[in-house]
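Enquirer: Model the structure of this input:
(one chain, ligands or ions: 1)
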Amino acid sequence: MLITIPNVLSPGEIQQFRQHLDSADWHNGINTAGAIARNVKNNQQLDDSQEPAISLGNHILKTLSRHPAFISAALPDRIYPPKFNRYSKNETYGAHIDGSLMQIPETGITLRTDLSATLFLADPDEYEGGELTIETKYGPQTIKLPAGDLVLYPSTSLHSVAPVSQGARIASFFWIQSMVRDIQQREMLFDLDSSVQALSAELGAAHPEVVSLSGLYHNLLRQWASPS
Ligand code: NI
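Expert: Got it, this is the predicted structure:
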């Protein structure tokens, strides 16, 4: 299941991000590609160990840590420090599946990639092409979101970024290890939580059935979550 989360960053935040990113020092992304991705990857990345990547990445993590829709959808246990990429004219990333295990730099901690995230930092009218296509069991889905919006998709999915023919596609991307590893369990929890939130808004949080369903949500979460 693909989940899009709108307005993770506000227009003002996007403006600030872009001031830093548009004047940043971009490097060839092939340096960080694994042996197989190396053949299909052609884009630019920021050095994660330097500014502005560190501050912007921390800002994204802080924002996500208090974002109810993101937390409900991902049930994050560990989040890889956000990385940044840019695709200019003719740049692309062919079909690939992201690596299964990632070492978080300078921590010695290994993260299992359950979910992949792309946070769009350029508006769709700033570039031609650059669509993110994700293979799902219902066929390919093509994603191109407004700046500030995020898409979450299972890291088990084959995906690609179409060649950019004009302008530049700028985004942040990262991976999440979820407290609930099983994708079906995680999706059911997300659906249940979404319904509880909607019912709570309609009936009030103190309504006995809302209290009961909310308790059921937490009891299922207790069964299925294994925080590290
Ligand atoms: Ni990827």
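Enquirer: In the protein, mark out all the helices, start to finish.
Expert: With DSSP state H as the definition, the chain shows helices at residue ranges 11-22, 53-65, 68-74, 183-203, 208-224.
Enquirer: Report the residue ranges of every domain in the chain.
Expert: Under the assignment automatic domain parsing, the domains of the chain span 3-178, 183-224.
Enquirer: Make TSV out of the helices of the chain and add distance to residue 40, mean pLDDT and mean neighbour count.
Expert: No exception for glycine: its C-beta is placed from N, CA and C like everyone else's. Formatted as TSV, these follow (distance: least, CB to CB, whole Å; pLDDT from 0 to 100; neighbours: other CB atoms under 10 Å):
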stretch	distance to residue 40	mean pLDDT	mean neighbour count
helix 11-22	24	98	15
helix 53-65	23	98	17
helix 68-74	26	97	19
helix 183-203	25	97	16
helix 208-224	35	98	13
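Enquirer: Now do the longest strand that the chain contains against helix 183-203, angle only.
Expert: In the chain, with assignment by DSSP state E, the single longest strand is strand 169-178. Put simply, strand 169-178 runs at 100 degrees to helix 183-203, going by axes from the mean of the first three to the mean of the last three CA atoms, to 10 degrees.
Enquirer: so who does the residue most central in space within the chain touch?
Expert: Residue closest to the mean C-alpha point of the chain, counted by CA atoms, centre = their mean, is residue 117 at 1.5 Å. Neighbour list for residue 117: 74, 150, 151, 152, 173, 174, 175, 176 [criterion: CB atoms under 8 Å, 6 or more residues apart in numbering].
Enquirer: please redo it, this time with the cut-off set to 6 Å
Expert: Applying CB atoms under 6 Å, 6 or more residues apart in numbering to residue 117 gives the contacts 150, 152, 174.
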